[in-house]
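**Student:** Based on what follows, work out the 3D shape:
(one chain, ligands or ions: 1)
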Amino acid sequence: MAQLWGGRFTKETDQLVYNFNASISFDQVFYRQDIAGSIAHVTMLAKVGILTDTEKTQIINGLTSILEDIENQKLPITSEYEDIHSFVEATLIDRIGDVGKKLHTGRSRNDQVALDMKLYTRDEIKNIQTLIYELMQTLHKLMNEHLDTYMPGFTHLQKAQPVTLAHHLGAYMEMFKRDYSRLTDIYERMNYCPLGSGALAGTTYPLDRELTASLLGFYGPTLNSMDSVSDRDYIIELLSSCSTIMMHLSRFSEEVIIWNSNEYSFIELDDSYSTGSSIMPQKKNPDIAELVRGKTGRVYAALTHILTTMKGLPLAYNKDMQEDKEFTFDALDTVKSCLALFTGMIATLTVKKEAMANSAKNGFTNATDAADYLVNHGVPFRDAHSIIGQLVLFCIEQNLSLDTMTLDQYKAICPVFEEDIFEAISMKTCVERRNTIGAPGQEAMKKVLKMNEQYLSNLV
Ligand code: ARG
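**Tutor:** Below is the predicted model:
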């Protein structure tokens with residue numbers, strides 16, 4: 001038990017209380033952020049004349065040596081200290097003596113932990129964006145390769161109209177573009193420095209908060225000291241955005257699982273991204289996709305957890321806020337590993353073009369186009385809809401498809417049909433005539449791919 005406080009206490013802390021209160025087991029991941037924050041703080045303290053240059057140099061050298069020793073595993077972070085802030089400060093005093101006691105001038109652990117968490121999550125936003133970028137690159141490449149890979153598009157998981165794999169993947173591309181920009185928005189809003197807010201009411205020292213902020217790469221200082229130490233909105237936003245990323249990955253995983261099933265066989269997952277069964281030798285299971293889908297709940301849990309933690313807290317800092325960390329770390333690690341694994345999984349899967357095209361052919365996915373054919377020949381749409389309905393029924397009874405019916409069979413139901421109906425309902429026609437922006441036709445898709453190309457190159 002080593003604490004930074006105790007002056008006003010006459011008794012030792014109960015061991016169980018100490019353990020319950022301590023956060024070092026999880027906030028030790030902040031050692032880099034904590035030391036960077038302290039270096040910026042003393043640099044500022046020297047600039048405004050609170051520390052001499054010699055004191056500043058001694059403290060910074062001490063902090064740098066602590067950082068190096070932690071990184072080289074020469075200095076283990078032990079649970080003897082309450083939290084990472086106490087560990088760093090106590091080790092500093094141990095190493096450089098009394099001058100180390102000046103580090104905490106004009107600072108509280110409340111603004112310190114607010115800073116550490118912000119620095120940590122700020123890096124994580126960038127890390128997650130890099131992983132989304134890599135996923136989008138992979139999707140972009142696949143889209144370019146599958147502009148004419150026809151497949152059924154579904155609604156209600158019933159075959160609806162033919163699309164292409166490029167178009168289907170393009171839907172996910174749009175989702176991940178939004179995810180990426182949501183993270184940018186969060187970064188823009190959260191990148192203000194809380195350090196210098198003290199415990200809650202600022203300090204009497206003439207701190208230059210603008211300097212500290214700019215030394216740490218923030219746009220500027222936060223503007224209300226009570227808000228600064230008790231704001232966790234950015235964590236809520238980040239976990240909400242992570243939940244949305246997971247929801248997208250989970251939907252995509254669900255499709256990968258369906259496509260990879262024996263019944264669909266639209267794709268085959270690579271052996272390196274599949275697992276076997278201990279009893280059934282024939283099995284090759286899509287465990288990665290299932291786990292991504294399964295881990296989504298953990299991230300939602302973290303969002304619910306932080307929302308619940310914050311909902312009843314009066315201003316300003318309350319110890320409840322210590323609970324902001326473990327679930328957040330877990331959620332961020334989960335999102336990062338899911339993004340990386342998902343990207344690897346889709347980069348290595350094999351597309352079975354023929355199975356996709358055959359499936360699109362067999363589900364009356366061209367029925368709307370057959371109705372459009374009649375409309376183009378003067379039949380009102382509602383009548384055309386009913387005529388094609390009769391054709392579909394006829395096909396089901398006769399075990400035919402719209403492509404395999406004869407012209408005589410067509411004419412028997414509606415005399416407007418001519419030989420060109422077959423061309424009009426071919427899968428190629430059905431897809432390639434859909435060329436409004438956002439539609440699956442190659443002409444439209446190529447425009448979107450060009451925009452995506454531009455979008456991706458602007459991100460780097
Ligand atoms: N471990 C604390 C946290 O994570 C650090 C701030 C402690 N402040 C305090 N006044 N006890 O929130």
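
**Student:** for the ligand, what are the nearby residues on this structure?
**Tutor:** 23, 27, 83, 109-110, 113, 321-322 (Cβ under 6 Å from any ligand atom). (Glycine included, C-beta is placed from N, CA and C.)

**Student:** Inside strands: which ones of those?
**Tutor:** Within the residues of the chain next to the ligand, no residue falls in strands by DSSP state E.

**Student:** Sort out for me which of those residues are in helices.
**Tutor:** 27, 109-110, 113 (DSSP state H).

**Student:** Turn those into JSON lines, including neighbour count and pLDDT.
**Tutor:** As requested, those are exported to JSON lines (neighbours: other Cβ atoms under 10 Å; pLDDT from 0 to 100):
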{"residue": "D27", "neighbour count": "25", "pLDDT": "98"}
{"residue": "R109", "neighbour count": "20", "pLDDT": "97"}
{"residue": "N110", "neighbour count": "21", "pLDDT": "98"}
{"residue": "V113", "neighbour count": "26", "pLDDT": "98"}
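
**Student:** picking up where we left off before, just the closest of the residues of the chain next to the ligand to K11, please.
**Tutor:** Using Cβ to Cβ, D83 comes nearest to K11 of those, at 20.9 Å.

**Student:** so what's the closest one closest to, chain neighbours aside?
**Tutor:** S23 (4.7 Å; Cβ to Cβ, 6 or more residues apart in numbering).

**Student:** Isn't A444 up against I437?
**Tutor:** Yes - look at A444 against I437 with Cβ atoms under 8 Å: they come within range, at 5.8 Å.

**Student:** returning to what we had before: pick out the most distant pair among the ones in helices among the residues of the chain next to the ligand.
**Tutor:** Longest span within these, Cβ to Cβ: D27 and N110, 13.4 Å.

**Student:** sec struct for the closest residue to F30 other than its chain neighbours, please.
**Tutor:** In space, and not counting its chain neighbours, F30 is closest to D116: 4.2 Å by Cβ to Cβ, 6+ apart. Secondary structure of D116, reduced to three states by DSSP: H, G, I helix; E, B strand; the rest coil: helix.

**Student:** I figured D116 hits I84, correct?
**Tutor:** Yes - here D116 reaches I84: they are 7.4 Å apart, a contact under Cβ under 8 Å.

**Student:** What are the buried residues along the helix or strand F342 falls within?
**Tutor:** For F342, the element it lies in under DSSP states H and E is helix 326-348. Going by neighbour count (16 or more other Cβ atoms under 10 Å), the buried part of helix 326-348 is 327-332, 334-336, 338-339, 341-347.

**Student:** Parallel or antiparallel, list what pairs with the helix or strand just after it.
**Tutor:** Sequence order places strand 350-351 as the next helix or strand after helix 326-348, per DSSP H and E. Next to strand 350-351 in the sheet, as set by DSSP bridges, lie strand 267-268 (antiparallel).

**Student:** Can you give the contact residues for the partner strand?
**Tutor:** Applying Cβ atoms under 8 Å, 6 or more residues apart in numbering, the external contacts of strand 267-268 come out as 256, 259-260, 349-352.

**Student:** quick check: mean pLDDT across that strand?
**Tutor:** Strand 267-268 carries an average pLDDT of 97.

**Student:** now do stretch 276-283
**Tutor:** Stretch 276-283 shows an average pLDDT of 80 in the prediction.

**Student:** Can you report how many residues lie near G220?
**Tutor:** Using other Cβ atoms under 10 Å, the number of residues around G220 comes to 12.

**Student:** so which strand or helix has the residue lying closest to it once chain neighbours are set aside?
**Tutor:** Using Cβ to Cβ, 6+ apart and skipping the chain neighbours, the partner closest in space to G220 is A213 (5.2 Å). If you go by DSSP H and E, A213 is part of helix 209-215.

**Student:** Near the residue nearest to E418 when sequence neighbours are not counted, how many other residues are there?
**Tutor:** In space, and not counting its chain neighbours, E418 is closest to L407: 7.5 Å by Cβ to Cβ, 6+ apart. By the criterion of other Cβ under 10 Å, L407 has 13 neighbours.

**Student:** picking that back up, anything in contact with each of D116 and I84?
**Tutor:** 27, 30, 34.

**Student:** could you dump those to CSV with distance to Y18?
**Tutor:** Formatted as CSV, the shared contacts of D116 and I84 follow (distance: Cβ to Cβ, whole Å):
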residue, distance to Y18
D27, 15
F30, 20
D34, 20
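
**Student:** out of those residues, who's nearest the ligand?
**Tutor:** D27 (5.7 Å; Cβ to the nearest ligand atom).

**Student:** And the strands in the chain?
**Tutor:** 150-155, 158-164, 192-193, 220-221, 267-268, 350-351.

**Student:** Distance check, M451 against H140.
**Tutor:** M451 sits 11 Å away from H140, going by Cβ to Cβ, to the nearest Å.

**Student:** the more surrounded of these two?
**Tutor:** H140 (19 against 11).

**Student:** show me the contacts for the nearest residue to that one once chain neighbours are set aside.
**Tutor:** Of all residues not flanking H140 in the chain, N452 sits nearest, at 5.6 Å (Cβ to Cβ, 6+ apart). N452 is in contact with 136, 140, 143, 173, counting by Cβ under 8 Å, 6+ apart.

**Student:** what about 10 Å?
**Tutor:** Contacts for N452 were tallied using Cβ atoms under 10 Å, 6 or more residues apart in numbering; they are 136, 139-140, 143-144, 170, 173-174, 177.
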